[in-house]
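Participant: What would the 3D arrangement of this be:
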Amino acid sequence: MACEEGRVYLTIRGYFNAAAAADSIVELERLVEDRSRGIELVTDLAGMTGYDRKSRHAYQGFLERYRDQISLITLIGTRPVFRMVASALCLYAGINMRFVKATAEQKPRAAA
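Facilitator: Numbers count the residues shown, from 1 in each chain. Model (predicted):
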């Protein structure tokens, strides 16, 4: 996980269970909580093979708590079923989302 210029980068590989979700949320909260609005959460799911319900629920809570700081979620290279779930989570939290097929497509945001 990394943070640079208003972006927080998260990569998920393999099966994403509740323990992995809890660990990543602790780190995300550390990176996001002291920042103001306008954060882009760039999440690479290309290597994710699956997830459990508890991990989805944990991320739903995280997005709800930090919806004022996160203005956009960019998902990289994910399967259609994961896009559908992520879309529902973002819709619930009121956060904009976009999808790109590969990291090279993840272009810098225009200056506000």
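
Participant: Show me what the top strand by length along the chain pairs with in its sheet, parallel or antiparallel.
Facilitator: Using DSSP state E, we find that the single longest strand of the chain is strand 39-51. Strand 39-51 sits in its sheet next to strand 7-16 (parallel), strand 70-76 (parallel), going by DSSP bridges.

Participant: could I get these as TSV with mean neighbour count?
Facilitator: Using the backbone N, CA and C atoms, a C-beta is placed for each residue, glycine as well. TSV is the format used below for those (neighbours: other CB atoms under 10 Å):
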stretch	mean neighbour count
strand 7-16	16
strand 70-76	20
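
Participant: Next up, phi/psi of the residue lying closest to Ser71 once chain neighbours are set aside, please.
Facilitator: Computed as CB to CB, 6 or more residues apart in numbering, the closest residue to Ser71 that is not its neighbour in sequence is Gly38, at 5.0 Å. Here is the backbone geometry of Gly38 (degrees, to the nearest 10): phi 90, psi 10.

Participant: on contacts alone, who are the packing partners of the least confident helix or strand in the chain by mean pLDDT?
Facilitator: Within the chain, no helix or strand scores below strand 2-4, which has a mean of 78 by mean pLDDT, DSSP states H and E. With contacts taken as 3 or more CB pairs under 8 Å, 6 or more residues apart in numbering; DSSP states H and E, strand 2-4 sits against strand 7-16.
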